[in-house]
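S.K.: Give me a 3D structure for the following:
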Amino acid sequence: MRQESKSRGSVGSGPAPLRTWIARGALLLCLALPASLLAAEPAPGSNPLLRDVFTADPAPLVVGDTAYLYVGHDEAKGDEFFRMNDWRVYSSRDLKHWTSHGAIMKPTDFRWAVGEAWAAQAVQRNGRFYFYATVTHDNSHPGRAIGVAVADNPLGPFKDARGSALVNEQMTPGPYGWDDIDPTVLVDDDGTAWLAWGNPVLHMARLKPNMTELDGPIETIALPNYTEGPWLSKRKGLYYLTYAAMAHQGEWEHLAYATAPNPRGPWTYGGLITGPAKNSFTIHPGLLDFKGRSYLIYHNGALTLPDGQTGATTRRSVTIEYLRYGADGGILPITQTEAGISVPPPPAAPAPAVDYGRSDPAVRVQQFAQGYPNAWPGAPALASVADPFNQAPEPVGFNRDGGLSRIAQTFVPPADITLARISLYAGDGLGTGDGRSLRLSLRDLGDVEGVDGGTELLGGPGGLAIAYQPQGAGLLSFELATAKPVLLKAGRRYVLELSSERKALTVYPRASRGDVYAAGVAFGDGQPLKDKSGAAIDLAFALYGR
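M.R.: Modelled structure (predicted):
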């Protein structure tokens, strides 16, 4: 990488004969060198931005006229999993020339941690600098955890500010051991500090003024297609969450964003900002406003070091692009480039409008992205699960094993139901725009074996057309307004089916348990869906009567 120099000489200084001699010598040298060597030095500000080591998970901070960049350090060899043993910091006054200040901290500087220098962010408050970092906790609290360190200088030295984790796995119980990663912190205009983090669920909490304790409960925030790597920011009174998205769609991570009038929401999905990073299934955003212009900093896997080590998902490199906002405050789409900010920004392209289509008049679609539902509202006549979020944690959608075209659920009502509403625990889809369709079918299977066939109860062949916008994990309900009431008879076997293209929708299954719900199973393209142990599963759904 290029480092800032303290001074730059000029061939324009000194006596004229000396200037002429230097200029001629330089010209002869250029003519003598191969073109490949002359072009080898990248332009300052081009991508990858940092080139001395592999770097990832960039977190920018501006202090006065200087930008600081806190990064993880990828050291994996070959096909190794992530190996990250320290965090590093760089500084710049123009975002093109960067000075490396080396390692500023390692995970075991938190005495309760045993390793893994995953994503971190530094913020300034009251003249001190607070560093929030992802580590692996020791066996007293197994799993990933978030620590906070403090320093009097942006370059450190940083020291553990608590002697214990700020957040650990036991504070956010879930089915995974990596929930508590990727912290981001925003100190608001009124001095309130907010901490957000998590994979695959976004958690948020307020921080006390000392910046080392939570100030109130941990909340969960529903964001469409959310995976990890949140970045919390604010601009002109509007709050932004920019994040890595779509891993649950079976995709390499993209960058998406949402906006809200308050950190607690409600959050409105803004769409995708950019596609996957080159040669890396992860991508991690950091937004930066510096000297009157906005930037997106992220990482890819495109760097080859001088010693021949090539980039990969576990050997990433920090990159930078210009970032612009539309008149409505939305973040405009960004194209990843090799030129980065070494060239002037191209003309801004407006965000494409998305038409999600229309639902059949016989159904009204209601979306509830209010958070992660712990109960079905009202009194369902039949429900496959009582607590959708905690009992149905694994998403399954039109993306499994290369792509499903149909997801279906059989069921047998224990009593007659005159059906008024069907609710699903769903989300994390791209919706029905850009040519993606979604149809809802409900069939009386009668004596039909398997899941195909039967008599359609929701209108013509294939059921009802559904228009669906991205919403994040939450409840998705279909209010029926069919000309003829839909009567489900006790003891008969029915199938509820969604058919679509890949990426349109994700629904959440649960392990089948006869004590809660009997006589049903979920299918994908006509084949029973199973959990990792091989057991049959149901979708998380509820039926409501009139």
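
S.K.: For the chain, which segments are assigned as helices?
M.R.: According to DSSP state H, the chain carries its helices in the segments 16-32, 35-38, 388-391.

S.K.: Among those, show the one with the smallest mean pLDDT.
M.R.: Of all the helices of the chain, mean pLDDT reaches its minimum on helix 16-32 (a mean of 39).

S.K.: Sketch out the low-pLDDT regions of the stretch 51-200 of the chain for me.
M.R.: The model of the stretch 51-200 of the chain has pLDDT under 70 over residues 175.

S.K.: which stretches of it form strands?
M.R.: 55-63, 66-74, 84-92, 99-105, 113-125, 128-137, 144-151, 159-160, 184-187, 193-197 (DSSP state E, counting those that start in this stretch).

S.K.: Touching the fourth one from outside, list them.
M.R.: Outside strand 99-105, the residues that touch it by Cβ atoms under 8 Å, 6 or more residues apart in numbering are 1, 3-4, 50, 52, 70, 73, 86-92, 117, 131, 133, 149, 155-158. C-beta: built from backbone N, CA, C; applies to glycine.

S.K.: Pull out the buried residues from it.
M.R.: S100, I104, M105 (16 or more other Cβ atoms under 10 Å).

S.K.: so what's the first one bridging to?
M.R.: The residues listed as beta-bridge partners of S100 by DSSP bridges are Y90.

S.K.: neighbours of D65, just the number please.
M.R.: 9 (other Cβ atoms under 10 Å).

S.K.: swap that for T337, sorry
M.R.: 16.

S.K.: Check whether A465 really touches R436, as I assumed.
M.R.: No. Contact criterion Cβ atoms under 8 Å: A465 and R436 do not qualify, at 11.9 Å.

S.K.: What residues does L543 make contact with?
M.R.: Counted by Cβ under 8 Å, 6+ apart, L543 has contacts P380, A381, L382, A383, F411, P413, I417, L419, R421, I422, S423, L488.

S.K.: which residues does S317 bridge with?
M.R.: N300.

S.K.: Count residues in the vicinity of it, would you?
M.R.: 29.

S.K.: That one reaches T304, doesn't it?
M.R.: No. Here S317 does not reach T304: they are 9.4 Å apart, not a contact under Cβ under 8 Å.

S.K.: any residues in contact with both of those two?
M.R.: Joint contacts of S317 and T304 (Cβ under 8 Å, 6+ apart) are G311.

S.K.: ok, F411 - contacts?
M.R.: L382, S384, R493, Y494, V495, L496, Y517, A519, G520, L543.

S.K.: of those residues, closest to R264?
M.R.: Closest to R264 out of the contacts of F411 is S384 (30.0 Å), distances taken as Cβ to Cβ.

S.K.: so that closest one makes contact with F541?
M.R.: Yes. If you go by Cβ under 8 Å, S384 and F541 touch, sitting 5.3 Å apart.

S.K.: overlap in contacts of these two?
M.R.: Common neighbours of S384 and F541 (Cβ under 8 Å, 6+ apart) are Q409.

S.K.: quick one: which of the contacts of L543 sit in strands?
M.R.: L382, A383, F411, I417, L419, R421, I422, S423, L488 (DSSP state E).

S.K.: So what sits opposite the fourth one in the bridge?
M.R.: The reference is to I417. L488.

S.K.: likewise the second one?
M.R.: Taking DSSP bridges, one obtains A542 as the residues bridged to A383.

S.K.: Which residues are in contact with it?
M.R.: A383 touches W376, Y517, F541, A542, L543, counting by Cβ under 8 Å, 6+ apart.

S.K.: mind running it again at 10 Å?
M.R.: A375, W376, S423, V516, Y517, A540, F541, A542, L543, Y544 (Cβ atoms under 10 Å, 6 or more residues apart in numbering).

S.K.: And those, which two are furthest apart?
M.R.: Across the contacts of A383 (Cβ to Cβ), the longest gap, 17.6 Å, separates V516 and Y544.

S.K.: Out of those two, name the residue with the larger neighbour count.
M.R.: Legend: neighbour count by other Cβ under 10 Å for V516 and Y544, higher for Y544 (22 against 14).

S.K.: Count the residues that sit near the closest residue to that one other than its chain neighbours.
M.R.: Nearest in space to Y544, with sequence neighbours left out and distances taken as Cβ to Cβ, 6 or more residues apart in numbering, is R421 at 4.0 Å. For R421, the count of nearby residues is 19 (other Cβ under 10 Å).

S.K.: With A348 instead?
M.R.: Going by other Cβ under 10 Å, the residues that sit close to A348 add up to 12.

S.K.: what about it, distance to N47?
M.R.: Per Cβ to Cβ, to the nearest Å, A348 is found 19 Å from N47.

S.K.: again with T227
M.R.: 23 Å.

S.K.: Repeat that for P380.
M.R.: 52 Å.

S.K.: Give me the buried subset of the contacts of strand 99-105.
M.R.: 1, 50, 52, 70, 73, 86-92, 117, 131, 133, 149, 156, 158.

S.K.: before we move on, back to that, which one of the buried residues of strand 99-105 is nearest Y295?
M.R.: Closest approach to Y295 among the buried residues of strand 99-105 (Cβ to Cβ): S100, at 19.3 Å.

S.K.: Highest neighbour count among the contacts of F411?
M.R.: S384 (28 neighbours).

S.K.: Hmm, V507 and that residue touching each other?
M.R.: No. Counting by Cβ atoms under 10 Å, S384 does not reach V507; the two are 11.2 Å apart.

S.K.: shared neighbours of the two, which are they?
M.R.: Contacts common to S384 and V507, judged by Cβ under 10 Å, 6+ apart, are A392, Q409, L424, Y425, A522, L539, A540, F541.

S.K.: Give me the subset of the residues you listed lying in strands.
M.R.: Q409, L424, Y425, A522, L539, F541.

S.K.: Is the first one bridged to anything, and to what?
M.R.: Q409 has the following beta-bridge partners by DSSP bridges: L496, A522.

S.K.: show me the contacts for it.
M.R.: By Cβ under 10 Å, 6+ apart, the contact set of Q409 is 384, 424, 451, 494-498, 507, 509, 520-523, 529, 537-541.

S.K.: switch the cut-off to 7 Å
M.R.: V495, L496, G520, A522, D538, L539, F541 (Cβ atoms under 7 Å, 6 or more residues apart in numbering).
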